[in-house]
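In: have a look at this fold, sequence not included:
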DNA sequence: GATACCATACTGGTATACCACAACGCTCGA
DNA sequence: TCGAGCGTTGTGGTATACCAGTATGGTATC
């Protein structure tokens, strides 16, 4: 296995909350931690900036904070992308592709580590986007999922929300397999809207309580 | 006026077709042409890569070619984004904002240089996206417009297509001002679908004839 | 004349030294 | 004791030297 690139390692550190949201990053400061020199670190930071995981703060860098308004916009945007994906998937995906997606939704059931649950959910939604067969839609969904990844540490805390997600994923795949575009769109929107609202609610409730779970919004 | 950044200068050179699609770029080769050293040139190239204007080709760089399938996907993607923008604009934009947009569509009438026409069209669509009040939607639309910018040198060649665009823009703004979301969506989709199909058709027709107009697809 | 091989001249990738600027803190003077 | 000014330290921005890999062209040999 090739060792992960610097970009991938930095990315993983941010997504795992190992590098806390809002934390200032200095190019030289990351040199010892990641065993690389400024040039590739700079390149990685610039790339992470375009992914929305890192941000310029004045002249310096910070790990992108988790902002409530941004999450709201992101879910609205995602609803546009994902409902369109569902509609296109109904028109274009093969039966095999749809069944593979349904398997993803079904297999996600079992007892999982929170991290597995996050990755399974991300995988499901990304795979759905792939079925649209539109590379720009796929890339956009990948970007959204990346930007939302850290907030999902919250969602997967409760077994109930994990089960709800799986149930709703199965509802989406059922509509897709039935080639019912309108239902697939509606099921997708229902899933996202519910998830988004619960997430925003729990984020808005108290950033104090979140810090107790090890999650800091960074703002 | 501050002098344009290196990124902006490279970007302008690509969008104006001064750097032909498909042309190989070497970091060192750009040094004398742009009077900068490799480090900032490299940074600019990485940024342009994330905007889709430059691409890695093996180990090297090339100006992104203009690919027919990509244009098709882009228009499909854009239809998703822009119809959603129109719908959101109907819900959210103030009367003043909508009238300002209508002004943009109206003022674009006059005799213009092709470049002005392109920028006016880009401005109109970007402004429409802004009225959605969703930053991600806005950024995505900006990205789409950037990626499509070079193809618009074709559209503005004919006075007839310029006039059609203006007319269709006015139809969109009329629906927006009437607060008729469904009509606004439909007018937007009609505009894009027609424009996209004509563009793809003329691109597909003959890349030979295009080269005569100074446009090379780079593939 | 054809082919194989080697030298050379590129490529991007990396490490690092230097620059200007900004913020912080200490020191010196009132 | 308080305040102002200056120096030290750290920031990103840039220029450049060096590295390893690669493709290419010329030459020498068969």
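Out: Looks like it came in fine. Bear in mind that the values here come from a model prediction, so they are computed numbers and not experimental data.
In: only C-alpha atoms for contact and neighbour calcs from this point on.
Out: OK.
In: how about the residues of chain A by DNA strand D?
Out: A:25, A:26, A:27, A:28, A:29, A:39, A:59, A:60, A:61 (Cα under 7 Å from any atom of the strand).
In: quick one: buried ones out of those residues?
Out: A:25, A:61 (16 or more other Cα atoms under 10 Å in any protein chain shown).
In: just the ones in strands from the residues of chain A next to DNA strand D, please.
Out: Among the residues of chain A next to DNA strand D, the ones falling in strands (DSSP state E) are A:25, A:60, A:61.
In: so the last one is in contact with residue A:25, correct?
Out: Yes. In this structure, residue A:61 sits in contact with residue A:25. The criterion is Cα atoms under 8 Å, and the distance is 5.2 Å.
In: what residue is smack in the middle of chain A?
Out: In chain A, the centroid-proximal residue (Cα atoms, centre = their mean) is residue A:145; its distance is 2.7 Å.
In: let's verify the nearest residue to that one once chain neighbours are set aside: helix, strand, or coil?
Out: In space, and not counting its chain neighbours, residue A:145 is closest to residue A:122: 6.5 Å by Cα to Cα, 6 or more residues apart in numbering or on different chains. Of the three states, residue A:122 takes helix according to DSSP: H, G, I helix; E, B strand; the rest coil.
In: residue A:122: neighbour count?
Out: 19 (other Cα atoms under 10 Å in any protein chain shown).
In: before we move on, what about residue A:41?
Out: By other Cα under 10 Å, 21 other residues sit near residue A:41.
In: tilt between whichever strand or helix holds it and helix B:38-50?
Out: Element membership of residue A:41, judged by DSSP states H and E, is helix A:38-50. Counting by axes from the mean of the first three to the mean of the last three Cα atoms, to 10 degrees, helix A:38-50 points 30 degrees away from the direction of helix B:38-50.
In: list just the nearest of the ones in strands among the residues of chain A next to DNA strand D to DNA strand C.
Out: residue A:60 (10.2 Å; Cα to the nearest atom of the strand).
In: in contact with the residue of chain A found nearest DNA strand D, which residues?
Out: Going by Cα to the nearest atom of the strand, DNA strand D is nearest to residue A:26 of chain A, at 3.3 Å. When contacts are counted by Cα atoms under 8 Å, 6 or more residues apart in numbering or on different chains, residue A:26 touches A:60, A:61.
In: mind checking the SS state of residue A:133?
Out: coil.
In: contacting residues for it?
Out: By Cα under 8 Å, 6+ apart, the neighbours of residue A:133 are A:88, A:89, A:92.
In: I'd assumed residue A:127 was in contact with the second one.
Out: To tie it back to what came earlier, the one meant is residue A:89. No. The criterion here is Cα under 8 Å, and residue A:89 misses it with residue A:127 at 10.3 Å.
In: the two: which is more packed in?
Out: residue A:89 (25 against 19).
In: now the more buried one: how far from DNA strand C?
Out: 35 Å (Cα to the nearest atom of the strand, to the nearest Å).
In: for the residue in chain A that DNA strand C sits nearest to, which non-adjacent residue is spatially closest?
Out: In chain A, the residue that lies nearest DNA strand C is residue A:37 (3.6 Å; Cα to the nearest atom of the strand). Nearest residue to residue A:37 in three dimensions, chain neighbours excluded: residue A:31, at 5.5 Å (Cα to Cα, 6+ apart).
In: and the one you found, how many neighbours?
Out: 15.
In: just checking, it is part of a strand?
Out: No. Judged by three-state DSSP, residue A:31 forms no part of a strand; its state is helix.
In: OK, contacts around it?
Out: Taking Cα under 8 Å, 6+ apart, one finds A:37, A:38, A:41 in contact with residue A:31.
In: chain neighbours aside, what residue packs nearest to the last one?
Out: For residue A:41, the nearest residue in space outside its immediate sequence neighbours is residue A:27; the separation is 6.5 Å by Cα to Cα, 6+ apart.
In: the one you found and residue A:10, how far apart?
Out: 12 Å (Cα to Cα, to the nearest Å).
In: ok, residues contacting the helix or strand hosting residue A:73?
Out: Per DSSP H and E, residue A:73 falls inside helix A:68-92. Contacts with helix A:68-92, where a contact means Cα under 8 Å, 6+ apart, come from A:128-129, A:131-133, A:137, A:140-141, A:144, A:148, A:176-177, A:179-182, A:184-186, A:188-189, A:192-193, A:196, A:200, A:203-204, B:80-81, B:84, B:134-137.
In: can you pull out the helices in chain A?
Out: Along chain A, the segments classed as helices by DSSP state H run A:6-15, A:27-34, A:38-50, A:68-92, A:95-107, A:114-130, A:135-149, A:152-155, A:159-177, A:181-205, A:207-212.
In: out of those helices, which comes closest to residue B:101?
Out: Evaluated over those, closeness to residue B:101 peaks at helix A:68-92, with 22.2 Å, by Cα to Cα.
In: what's the angle between the closest one and helix A:159-177?
Out: Going by the same axes, to 10 degrees, helix A:68-92 makes 30 degrees with helix A:159-177.
In: and helix A:68-92, what's buried?
Out: A:70-90.
In: any chance of JSON lines for the helices of chain A, columns mean pLDDT?
Out: As requested, the helices of chain A are exported to JSON lines (pLDDT from 0 to 100):
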{"stretch": "helix A:6-15", "mean pLDDT": "97"}
{"stretch": "helix A:27-34", "mean pLDDT": "95"}
{"stretch": "helix A:38-50", "mean pLDDT": "97"}
{"stretch": "helix A:68-92", "mean pLDDT": "97"}
{"stretch": "helix A:95-107", "mean pLDDT": "93"}
{"stretch": "helix A:114-130", "mean pLDDT": "92"}
{"stretch": "helix A:135-149", "mean pLDDT": "98"}
{"stretch": "helix A:152-155", "mean pLDDT": "88"}
{"stretch": "helix A:159-177", "mean pLDDT": "93"}
{"stretch": "helix A:181-205", "mean pLDDT": "93"}
{"stretch": "helix A:207-212", "mean pLDDT": "59"}
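In: closest to residue B:163 out of those helices?
Out: Of all these, helix A:135-149 comes closest under Cα to Cα, at 29.3 Å.
In: which helices and strands sit right next to that closest one?
Out: Applying 3 or more Cα pairs under 8 Å, 6 or more residues apart in numbering or on different chains; DSSP states H and E, one finds that helix A:135-149 contacts helix A:68-92, helix A:114-130, helix B:68-92.
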